[in-house]
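# just need the structure, nothing else, for what follows:
(chains A and B)
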Amino acid sequence: MKTTVTTRDVGDVKIVELHGKITIGAGDLQMREAIHAAVNGGAMKILVDMKDVTTIDSSGVGELVGCYTTATHKGAKLKLVSLPPKISDVLTVTQLITVFDVFTNEKDGLASF
Amino acid sequence: MTEASVSPGPIVLWLSSRFENLELGQAVLEYVCRVRGIENDAEHWIGVALREALANAIKHGNRQDPSRRVMLSLGGTADDLEIVVGDEGEGFETTAVADPLAPENQMKTSGRGIFYMKTFMDDVTFTRGARGGTVLTMRKHLGGDQKKGVQTR
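Have a look, this model is predicted:
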């Protein structure tokens, strides 16, 4: 699956949808650019939809952490939704799953802001 | 040649230091796993470790210099899969790598690659290459349930 990142708005929430691999030299930078664009564009509520992410590596995880920090410093909230089990496992073993607000579906994620 | 007649390896590749070659390494791993009957779940986690190893060799070992090569070997015995990744860099001290689980490192944007390799493989060792560089050897035991998956929880 080719890595793509798309965005859409639901009310005042910017939803960033990730598809494919979020790995070094590929989706990691695309993800960062999309989230930074949302933050710089004034989005204060960002929901990162990961249901179509097939693989994430340490570079992708690092970028996700960096995006979270960037958003937080700007006063925005960044939350994650629909993590496939293997993606959740990658965040769990490094204890990052406790850092992010994670929701099982978009409805719950939207309602959390 | 039928798959059943294929030797377990080793299969050796020399790759230029480009991140695109992670896909080639992954494709060869998928082939080896299919031939050796390693199931999808285990293959996924071994693949994560392999990508980390290759990315480290390209980025930190060879500094993304495409004229420097990365050696990838996939072999082992009937009971384990051995992955060896060698670079042509200056070498590094693994003891200098910070613990990514330490609270002061939790929000750092890098430093998790070796941790993932050690989590998803059974044995990970770093040695100095005969001609310099770093040689990483990772092993995954394939006996019993280990062939079916990796416990991460």
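
# CA only for contacts and neighbour counts going forward, please
Fine.

# the residue in chain A that chain B sits nearest to - how many residues pack around it?
Closest residue of chain A to chain B, Cα to the nearest Cα: A:Gly62 (3.9 Å). Neighbour count of A:Gly62, defined by other Cα atoms under 10 Å in any protein chain shown: 23.

# likewise for the one 4 residues further on?
For A:Gly66, the tally of surrounding residues (other Cα under 10 Å) stands at 18.

# please name the nearest non-neighbouring residue to the residue of chain A closest to chain B.
B:Thr109 (3.9 Å; Cα to Cα, 6 or more residues apart in numbering or on different chains).

# ok, the one you found touching A:Cys67?
No: here B:Thr109 lies out of contact with A:Cys67, judged by Cα atoms under 8 Å, at a distance of 9.4 Å.

# overlap in contacts, these two.
Here B:Thr109 and A:Cys67 share no contacting residue, scored by Cα atoms under 8 Å, 6 or more residues apart in numbering or on different chains.

# list the contacts for the one residue sitting closest to the centre of chain B?
Centroid-nearest residue in chain B, with Cα atoms, centre = their mean: B:Leu50, separated by 3.0 Å. Contacts for B:Leu50 (Cα under 8 Å, 6+ apart) come out as B:25-26, B:83, B:117.

# ramachandran coordinates for residue 31?
No chain was given, so I picked chain A. For A:Met31, the backbone dihedrals are phi -60, psi -50 (criterion: degrees, to the nearest 10).

# my question was about chain B, not that one.
The phi/psi pair for B:Tyr31 (degrees, to the nearest 10) reads phi -60, psi -50.

# contacts only, for B:Ser73.
B:Ser73 neighbours (Cα under 8 Å, 6+ apart): B:10-13, B:82-85.

# what helix or strand is the nearest residue to it once chain neighbours are set aside on?
Computed as Cα to Cα, 6+ apart, the closest residue to B:Ser73 that is not its neighbour in sequence is B:Val12, at 4.3 Å. B:Val12 is part of strand B:11-16 when elements are defined by DSSP states H and E.

# ok so, going back, am I right that the residue nearest to the centre of chain B is in a strand?
No: secondary structure assignment (DSSP: H, G, I helix; E, B strand; the rest coil) places B:Leu50 in helix, not in a strand.

# for the closest residue to chain A within chain B, helix, strand, or coil?
Nearest to chain A, among the residues of chain B, is B:Thr109, at 3.9 Å (Cα to the nearest Cα). For B:Thr109, the assignment made with three-state DSSP gives coil.

# need the pLDDT of it.
At B:Thr109, the model reports a pLDDT of 95.

# ditto for B:Asn56
With respect to pLDDT, B:Asn56 scores 95.

# is it true that it lies in a helix?
Yes: according to three-state DSSP, B:Asn56 belongs to a helix.

# A:Gly62 against B:Lys108, yeah?
Yes: A:Gly62 lies in contact with B:Lys108 (Cα under 8 Å); the separation is 7.0 Å.

# where are the low-confidence patches of chain A?
Counting by pLDDT under 70, chain A contains low-confidence ranges at A:1.

# residue nearest the centroid of it?
Nearest residue to the geometric centre of chain A (Cα atoms, centre = their mean): A:Val48, 3.4 Å.

# quick one, phi/psi of that one?
Main-chain dihedrals, A:Val48, degrees, to the nearest 10: phi -100, psi 110.

# residues in contact with it?
With the criterion set at Cα under 8 Å, 6+ apart, A:Val48 makes contact with A:15-18, A:78-81.

# residues from chain B in reach of chain A?
Counting by Cα under 8 Å from any Cα of the partner chain, the residues of chain B close to chain A are B:19-20, B:48, B:51-52, B:55, B:100-101, B:106-113, B:116, B:119, B:152-153.
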